[in-house]
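Chemist: Got a sequence here, can you build the structure:
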Amino acid sequence: LSTQNQQQQQQHTHDHHTCYTYIPNPHTQDKTTTKKLVHLSLSPTPQIKNIMTSAATPIPTNVNLENLHPNLVVCPSKAFASLFTKIRNKTTPPGEFVHYAKRIMHLLAEDALAELPTSPLTITTPCGPFVGTQSSSSSSSSNDNNELCAVSIIRAGDSLLEVMRNIIPDVPVGKILIQRDESSSEKEAKLYYSKMPPHVSSKRVLLCDPMLATGGSACAALKVLKETYGVNLENVIFVNVISCPEGLKKLAAVYPMVKIVTAWIDPILNEEKFIVPGLGDFGDRFFNTV
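Modeler: Below is the predicted model of the structure:
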């Protein structure tokens, strides 16, 4: 191994209970690192999963993840720094926004699917046996896929839903139409429509919405899944591209059992309840209706 590869391997080591993660030190100019100890429990009790961050960190330096949500996963891809720069830029043309947003969402979707339960699977390679795992998202088994359901919060959520369907073409799909009341100062969420596949109450649900701002739409969607369709919220993974502390804390207070998988955490909301720095209205930019 090269010296660089050895250093990279040493940066992120773990055993069954403890993960040692190196993160950039914001107080130095030479990008030296400080070591942060994060405990990962193997028990069913959900714990924060902190991951290695780059200089362009997806986690604000003044944010303590443990105070945001008890069941939060932040995706570790190093590709996000440059990809997010593209989609955040207000001068990025609609076609390029779609292209780079899809690249982000594909990485995000794979990480979300990796949070599903797995079972051991022994296969034979051209050179010998291999003991691996099989996820419930495996496209080789339609019975496994029928245990899943991907649900979008219309309209922006449809973009992430289509990425999920590219990965699992036969996954059953549900739709929830919730819109913010832009005339109110708090931008309350209003439910207009919902439709789920049969037997959704027994499925694991991937709830798709790119932006978690106030948390109003997410909470309204989760309420529909629970009260209207009988979904066990412990079986729900909420997948979003950008989140913020306000929305995460709201979900923690109301639905702490829901796992959240996000690609980036932005620090604040502005007075109009938009994420800052954010990227504007994701749905408008993705579907070219700005």
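
Chemist: quick one: low-confidence parts of the stretch 51-200 of the chain?
Modeler: Low-confidence segments of the stretch 51-200 of the chain, defined by pLDDT under 70, are located at 51-57, 61-63, 136-146, 185-187.

Chemist: One more pass at 50, please.
Modeler: For the stretch 51-200 of the chain, the stretches flagged by pLDDT under 50 are 51-55, 139-142.

Chemist: Would you map the strands across it?
Modeler: 72-74, 118-125, 128-135, 148-154, 173-180, 189-195 (DSSP state E, counting those that start in this stretch).

Chemist: Residues contacting the fourth one, please?
Modeler: Think strand 148-154. For strand 148-154, the external contacting residues (C-beta atoms under 8 Å, 6 or more residues apart in numbering) are 116, 136-137, 157-158, 160-161, 164-165, 168, 171-178, 193, 196-197, 200, 203-209, 217-218, 221, 225. Any C-beta I mention is one placed from the backbone N, CA and C, and that applies to glycine too.

Chemist: List only those of those flagged as buried.
Modeler: Among the contacts of strand 148-154, those classed as buried by neighbour count (16 or more other C-beta atoms under 10 Å) are 116, 136-137, 157-158, 160-161, 164, 168, 171-178, 196, 200, 203-209, 217-218, 221, 225.

Chemist: Residue 226 contacts residue 220, doesn't it?
Modeler: No: at 11.0 Å, residue 226 does not count as touching residue 220 under the criterion of C-beta atoms under 8 Å.

Chemist: out of the two, which sits in the more crowded spot?
Modeler: For the pair residue 226 and residue 220, the greater number of neighbours falls to residue 220 (20 against 16), based on other C-beta atoms under 10 Å.

Chemist: I'd guess the more buried one is in a helix, am I close?
Modeler: Yes: secondary structure assignment (DSSP: H, G, I helix; E, B strand; the rest coil) places residue 220 inside a helix.

Chemist: Name the nearest residue to it, sequence neighbours excluded.
Modeler: Distances taken as C-beta to C-beta, 6 or more residues apart in numbering place residue 189 nearest to residue 220, at 4.3 Å, with adjacent residues excluded.

Chemist: neighbours around residue 180, how many?
Modeler: 17.

Chemist: Which residues are in contact with it?
Modeler: Neighbouring residues of residue 180 by C-beta under 8 Å, 6+ apart: 187-190, 216-217, 273.
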